[in-house]
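K.L.:
Return a 3D structure for these sequence lines:
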Amino acid sequence: MTCCSVDINAPRNADYQASYTFPVDYSLSGFGARLQVRETAGASTAYFTVTTTANANLSLFTITGRFLELLIRKEDLQLIPEATPVYDDAVLAYDIVLTDLDGIEHYFLGGAFIVPAGVTE
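P.N.:
Predicted coordinates for the structure are as follows:
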């Protein structure tokens, strides 16, 4: 079930959406999904977590058949500190883990989580 390394570029001043489509004969029904964003891959604290249950800012995964939809609300993106200097992109790490019907966790994908500062608020 492992895919690859895919960078996410999510400006802090807007909601972020992504869709992942699995093969036609594959169903994610009943699966769980979890994304965490951390300063680095080994950092002990996540800035935020997204699962199939909406978090406090209403970010969530939606699973329908073979489709996995990710919605990260800008309120979660704004939890990430601005880069130094402020006009640089903040570059962090993320991954997505899927939990199958047997409770087995599978690394799906991960990579750099890039947050440009943005201008419009």
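K.L.:
CA only for contacts and neighbour counts going forward, please
P.N.:
Fine.
K.L.:
mind listing the helices in this structure by residue range?
P.N.:
Residue ranges of the helices in the chain, as given by DSSP state H, are 74-77.
K.L.:
so where's it uncertain?
P.N.:
Applying pLDDT under 70 to the chain flags residues 1-3, 118-121.
K.L.:
The most centrally placed residue in the chain - nearest residue in space that isn't next to it in sequence?
P.N.:
Nearest residue to the geometric centre of the chain (Cα atoms, centre = their mean): L35, 4.5 Å. In space, L35 comes closest to I96 once its chain neighbours are excluded; the distance is 4.4 Å by Cα to Cα, 6 or more residues apart in numbering.
K.L.:
Could you do R73 as well?
P.N.:
Nearest non-adjacent residue to R73 (Cα to Cα, 6+ apart): D15, at 4.5 Å.
K.L.:
Compute the distance between that neighbour and D100, please.
P.N.:
Applying Cα to Cα, to the nearest Å, the value for D15 to D100 is 28 Å.
K.L.:
now the strands for this protein?
P.N.:
Using DSSP state E, the strands assigned to the chain run over residues 4-5, 8-9, 16-21, 32-38, 46-51, 60-64, 67-72, 90-99, 105-115.
K.L.:
Tell me, how many residues neighbour the closest residue to Y107 other than its chain neighbours?
P.N.:
Closest residue to Y107 apart from its sequence neighbours, by Cα to Cα, 6+ apart: V97 at 4.6 Å. Using other Cα atoms under 10 Å, V97 has 20 other residues around it.
K.L.:
in terms of contact, does V97 touch L109 like I think?
P.N.:
Yes - counting by Cα atoms under 8 Å, V97 sits close enough to L109 to count as a contact (7.4 Å).
K.L.:
ok, D7 to I96 distance?
P.N.:
12 Å.
K.L.:
what do these two both touch?
P.N.:
G110 (Cα atoms under 8 Å, 6 or more residues apart in numbering).
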